[in-house]
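> Show me how the following folds:
(one chain, ligands or ions: 1)
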Amino acid sequence: MGISFRTTGAGRAETVREAIEAYPDVSPFVILKTDVMRRSLRYTERALSKLDKSIHQYQQRVLIGSNGAEGADVPVSLQLRDGTSIIIMPNLHAANPYTVDEIDGKLFLTDQGRIVEEVEYWYKPDYYDKFTSSGTPMWQVASARPQRIDIDPNSHCYFWDGGGGCKFCNINANSTRSRKERNMAVRLKAQDVYETVREALKQPGLLTNIKMSSGSILSGQEILDDEVELYIEMLQAAGANFKHKKFPSTIVASAFSEKQLARLYDETGLMTYTSDIEVLNERLFSWICPGKHRLIGYPEWKRRIVQAVDIFGRGNVSSGIVGGVELAKPHGFQSEEEALAVVLEEAEDLASRGVSVVHTVFVPMPGSAFHNQTAPSLDYYVKLSTGLSTLRKKYQLNIDMDNYRKCGNHPDTDLDRIDEGSYRHVLSAG
Ligand code: SF4
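Numbers count the residues shown, from 1 in each chain. The predicted model follows:
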């Protein structure tokens, strides 16, 4: 499509300051968030002393990522002053991380000792310290994002069992560690889900959405039937708390057949659907997601996502990509220019058919095959976020199902709601 990027800079923006100057139409908060995600962060002892376990979140059930930095209790995420989030755990092996420090009673992101921006730790919802009737801590049933709860009923991905796990993903390594450290179950129980949602709904203003996600379950009469059954059971349990059949909800799941999608829509209150294609190129999909490639394949994965629009409607179906993984070595694109052109062309094909593409920032995670890779430049991410957001405007797709309040993990969906100009004067990034 040839998206043009309004930039005042001639070269590639390497730092937050350069990117803010080069891209006057992009929110500085989005630029900063992206850079923190690609470079990671650490906490000083002073900053950690401000973590108040009675009010802040420091433990979560997390499918992919890590729910503990080398065993320490750390904040699960940060909130910026515009209400957007930076969802990242510290990485003690990062080469050039930001530092969160406490200065005069407030928390700041700092870079090489220089203050960049004030941040807050995420607060804990009221249900977090309660227990279900079976004795399960409710924080282990539902993790909380700013205005969404995440119920991830199965934290094992069966693509891994045949050596087909996605190369950027650490789900099984992460869940093994979680079980050991926090005594967490791989599968949730429907009754626990029902009781936790019931409790969460008691807190006014807490919830705008319920999201469920799970590692892929390949078994069943038709491949993925058992994953569909699990979602049906869990969505029905959550939905029993609502007066009406349909309730604000989404799943981030495998690419289901039309028959499976129809069952999900008809038998539950599910309103929106995401299936992550991860990387928008068939050749790289076969390398990076070998299990998905072998058992379903790129064209079919994509076709199924598009088919879901007929069931859930335009604006109610999205697909996530791991932004930057398309440049992984040795088989990824050789240049950021080529990668951006290919990714945005493929994203436009999906957008034109009613599917929104959203991106995360590639974080080379411990426990994943790509733990030694590096993320691309900040300049690349600014263009990727802007490009995906521009495509949504062009095809009039709203992304309320995955916006900054419900998710917070996509710089491009943050862009969809921010009036960039009104925030420029408040950020003194360096
Ligand atoms: S399908 Fe890929 S990204 Fe999703 S849980 Fe399995 S290995 Fe991870």
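> residues touching residue 334, list them.
Neighbouring residues of residue 334 by CB atoms under 8 Å, 6 or more residues apart in numbering: there are none. C-beta: built from backbone N, CA, C; applies to glycine.
> How about the residues of this structure by the ligand?
64, 157, 159-160, 165-166, 169, 171, 215-216, 289 (CB under 6 Å from any ligand atom).
> can you list the weak-confidence ranges in this protein?
1-2, 9-10, 62-71, 175-185, 418-430 (pLDDT under 70).
> those helices in it, which residues are they?
Remark: helices assigned in the chain by DSSP state H are 16-22, 28-39, 45-48, 171-182, 190-200, 225-239, 258-267, 282-288, 290-295, 298-312, 336-352, 378-394, 411-417.
> Take the ones you listed and lay them out in CSV including mean neighbour count.
Putting the helices of the chain into CSV (neighbours: other CB atoms under 10 Å) gives the following:
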stretch, mean neighbour count
helix 16-22, 20
helix 28-39, 26
helix 45-48, 15
helix 171-182, 18
helix 190-200, 21
helix 225-239, 21
helix 258-267, 16
helix 282-288, 18
helix 290-295, 19
helix 298-312, 19
helix 336-352, 19
helix 378-394, 23
helix 411-417, 25
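> Adding distance to residue 92, write these out as a markdown table.
Listed next are those as a markdown table, based on distance: least, CB to CB, whole Å:
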| stretch | distance to residue 92 |
| --- | --- |
| helix 16-22 | 22 |
| helix 28-39 | 13 |
| helix 45-48 | 13 |
| helix 171-182 | 15 |
| helix 190-200 | 32 |
| helix 225-239 | 34 |
| helix 258-267 | 40 |
| helix 282-288 | 26 |
| helix 290-295 | 29 |
| helix 298-312 | 35 |
| helix 336-352 | 28 |
| helix 378-394 | 22 |
| helix 411-417 | 24 |
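> Out of these, flag the one nearest residue 5.
helix 378-394 (5.5 Å; CB to CB).
> Which one of the residues of the chain next to the ligand is nearest to residue 227?
Distance to residue 227 across the residues of the chain next to the ligand (CB to CB) is lowest for residue 216, with 6.3 Å.
> List phi and psi for the closest one.
phi -70, psi 140 (degrees, to the nearest 10).
> Could you double-check that it lies in contact with residue 156?
No - taking contacts as CB atoms under 8 Å, residue 216 lies outside contact range of residue 156: 9.3 Å.
> out of these two, which sits in the more crowded spot?
residue 216 (24 against 17; other CB atoms under 10 Å).
> mind listing what the more buried one touches?
Residue 216 neighbours (CB under 8 Å, 6+ apart): 157-159, 224, 227, 254, 291-292.
> and of these, the nearest to residue 39?
Among the contacts of residue 216, and counting by CB to CB, the member closest to residue 39 is residue 157, at 27.4 Å.
> Quick check, residue 378 in contact with residue 13.
Yes - between residue 378 and residue 13 there is a contact under CB under 8 Å: 6.0 Å.
> Name the residues contacting each of these two.
In contact with both residue 378 and residue 13: residue 19, using CB under 8 Å, 6+ apart.
> ok, back up a step: who wins for proximity to residue 87 among the helices of the chain?
Nearest of the helices of the chain (CB to CB): helix 28-39, 7.8 Å.
> Give me the contact list for the closest one.
Contacts for helix 28-39 (CB under 8 Å, 6+ apart): 15-16, 19-20, 23, 78, 80-82, 84-88, 94, 96-98, 109, 116-117, 324, 360-363, 375-376, 378, 381-382, 385, 411, 414-415, 418, 423-424, 427, 429.
> Of the residues you listed, grab the buried ones for ChimeraX.
With 16 or more other CB atoms under 10 Å as the burial test, the buried ones among the contacts of helix 28-39 are selected in ChimeraX as follows:
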select :16,19,20,23,78,80,82,84,85,86,87,88,97,98,109,116,117,324,360,361,362,363,375,376,378,381,382,385,411,414,415,418,423,427,429
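> From the contacts of helix 28-39, which land in strands?
If you go by DSSP state E, these have 78, 85-86, 98, 109, 116-117, 360-361 in strands.
> Tell me the one among those residues nearest to the ligand.
residue 360 (10.8 Å; CB to the nearest ligand atom).
> what's the spacing between residue 205 and residue 149?
From residue 205 across to residue 149, the span is 13 Å (CB to CB, to the nearest Å).
> domain assignment for this structure?
41-121, 126-426 (automatic domain parsing).
> I appreciate the help and will end here.
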